[in-house]
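A.B. asks: Sharing a model prediction with you, sequence too.
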Amino acid sequence: MLATDELSVHGILRKFKVRALCTTDDPIDDLRYHAHIAKNPMGTIVLPAFRPDKAMNVHQPEQFNAWVDALEQAANLSIRNLQSLLDALRKRHDFFHQMGSRLSDHGLNAAPPVHGTENEAADIFERARNGQAADASEQQLFAGVLMRFFGRLDAEKGWTKQLHLGARRGNNTRMVARLGPDTGFDSIGDCPQIDALGNFLNALDADNALPRMVLYNLNPADNYAFATMIGNFMDGSIPGKIQFGSGWWFLDQKEAMEWQMNALSNCGLLSRFVGMLTDSRSFMSYPRHEYFRRTLCNLIGNDIEAGLIPNSDALVGPMVRNICFANAKNFLNLPGVE
């Protein structure tokens, strides 16, 4: 079946009527394939998304310095200190915007602290460039300074920021040493989330630099906390400006999808939900959207049968269509998507 045209990459995109596909790209990526697709359009719009997590790895100076050296080349800018690092990241963010990017993405165990200053971060950066690894608290402080900077960049350009929070990574150190990171030894974490998340959102909001945002939670014990936190930062500029994102990773299955949607509908507005996401470059995962749609309709249908919401296609039908498509289209505002 995989050898047939129907299940080729383009066949899958056609089969699932994919209007736009956003990849996940490091700031050092040259995006040459995106440029090629832009010059040779296909039925699906393909756009980059900005994933700068490696900019915060001051606790791993060997890898960090190699990445900074590559960033210098990509930005054509000498990086001598923290300010020039931020200048280079801004330059790459500008380039991604020119290439159609309207999304950033961060995979963090928890939202970073907001108490650090740029002077403190500059000292940590200098030590890392000299090969001295930051300890855990220094790495978190540095990440907090950069994450506030990335928030300002996204807000200035009207981007959507995605935060994936709550993983505990690299649990089996023997196997990670053998096979490398992201090879199947991560799990749901149990660290406190909400204080740091609330402080982070508030710090951006206080600076008038809070972009539209989607928050993905990996520990279902935090669902109600996430569902209520988003309500604190709606400002009327766009419906559902801060979103409680769909179940992801270990939670993108029927039961956990229902947990997330019930928490959202009990504490906020399910009708504004931007729906499901998938791993855009994992083409065989695209049926997840169909799985989500069936789960959503089953959940709503059961509520109708129980008399909890009106049995009205005129009321419920548009809400379902919006959750499955229109809300995401309007919220993300991707260029070229009709």
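C.D. replies: Received it, and whenever you're ready, just let me know what you need.
A.B. asks: measure residue 19 to residue 325 for me?
C.D. replies: Taking C-beta to C-beta, to the nearest Å as the measure, residue 19 falls 8 Å from residue 325. C-beta here means a position set from N, CA and C on the backbone, and glycine is covered the same way.
A.B. asks: same thing with residue 310?
C.D. replies: Distance of residue 310 to residue 325, computed by C-beta to C-beta: 22 Å.
A.B. asks: between these two, who's got more neighbours?
C.D. replies: residue 325 (16 against 11; other C-beta atoms under 10 Å).
A.B. asks: So the more buried one belongs to a helix, correct?
C.D. replies: Yes: assessed with DSSP: H, G, I helix; E, B strand; the rest coil, residue 325 lies in a helix.
A.B. asks: give me the number of residues near the residue lying closest to it once chain neighbours are set aside?
C.D. replies: What sits nearest to residue 325 in space, not counting adjacent residues and going by C-beta to C-beta, 6 or more residues apart in numbering, is residue 275, at 7.5 Å. The burial count assigned to residue 275 is 21, neighbours taken as other C-beta under 10 Å.
A.B. asks: for residue 98, same thing?
C.D. replies: For residue 98, the tally of surrounding residues (other C-beta under 10 Å) stands at 9.
A.B. asks: how much space between it and residue 127?
C.D. replies: 34 Å.
A.B. asks: With residue 197 instead?
C.D. replies: Applying C-beta to C-beta to residue 197 and residue 127 gives a distance of 28 Å.
A.B. asks: ok, those two, which is more surrounded?
C.D. replies: Remark: of residue 197 and residue 127, residue 197 carries more neighbours, 23 against 15, as counted by other C-beta under 10 Å.
A.B. asks: For the stretch 1-150 of the chain, just list every one of the strands.
C.D. replies: Listed in chain order, the strands of the stretch 1-150 of the chain (DSSP state E, counting those that start in this stretch) span residues 20-22, 45-47, 103-108.
A.B. asks: where exactly do the helices run in the stretch 201-338 of the chain?
C.D. replies: For the stretch 201-338 of the chain, the helices defined by DSSP state H, counting those that start in this stretch occupy 223-229, 254-267, 287-305, 313-321, 327-332.
A.B. asks: What residues of the shortest one count as buried?
C.D. replies: Using 16 or more other C-beta atoms under 10 Å as the burial criterion, the residues of helix 327-332 that qualify are 327, 328, 331, 332.
A.B. asks: Averaged pLDDT, it. What do you get?
C.D. replies: The average of the pLDDT scores along helix 327-332 is 96.
A.B. asks: which helices and strands does that helix pack with?
C.D. replies: The elements that helix 327-332 packs onto, with contact taken as 3 or more C-beta pairs under 8 Å, 6 or more residues apart in numbering; DSSP states H and E, do not include any helix or strand.
A.B. asks: run the last query once more with 10 Å
C.D. replies: strand 20-22, strand 160-165, strand 212-217, strand 242-244 (3 or more C-beta pairs under 10 Å, 6 or more residues apart in numbering; DSSP states H and E).
A.B. asks: likewise the third one?
C.D. replies: Applying 3+ C-beta pairs under 10 Å, 6+ apart, one finds that helix 287-305 makes contact with helix 254-267, helix 313-321.
A.B. asks: mean confidence for that helix?
C.D. replies: For helix 287-305, mean pLDDT is 95.
A.B. asks: follow-up on the earlier one: closest one of the buried residues of helix 327-332 to residue 315?
C.D. replies: Set against residue 315, the nearest of the buried residues of helix 327-332 by C-beta to C-beta is residue 327 (16.1 Å).
A.B. asks: sorry, back to before: residue 193 is nearest to which of the strands of the stretch 1-150 of the chain?
C.D. replies: If you check each of the strands of the stretch 1-150 of the chain against residue 193 by C-beta to C-beta, strand 103-108 wins as the nearest, at 10.1 Å.
A.B. asks: Next one, pLDDT for residue 338 please.
C.D. replies: Residue 338 is assigned a predicted lDDT (pLDDT) of 78.
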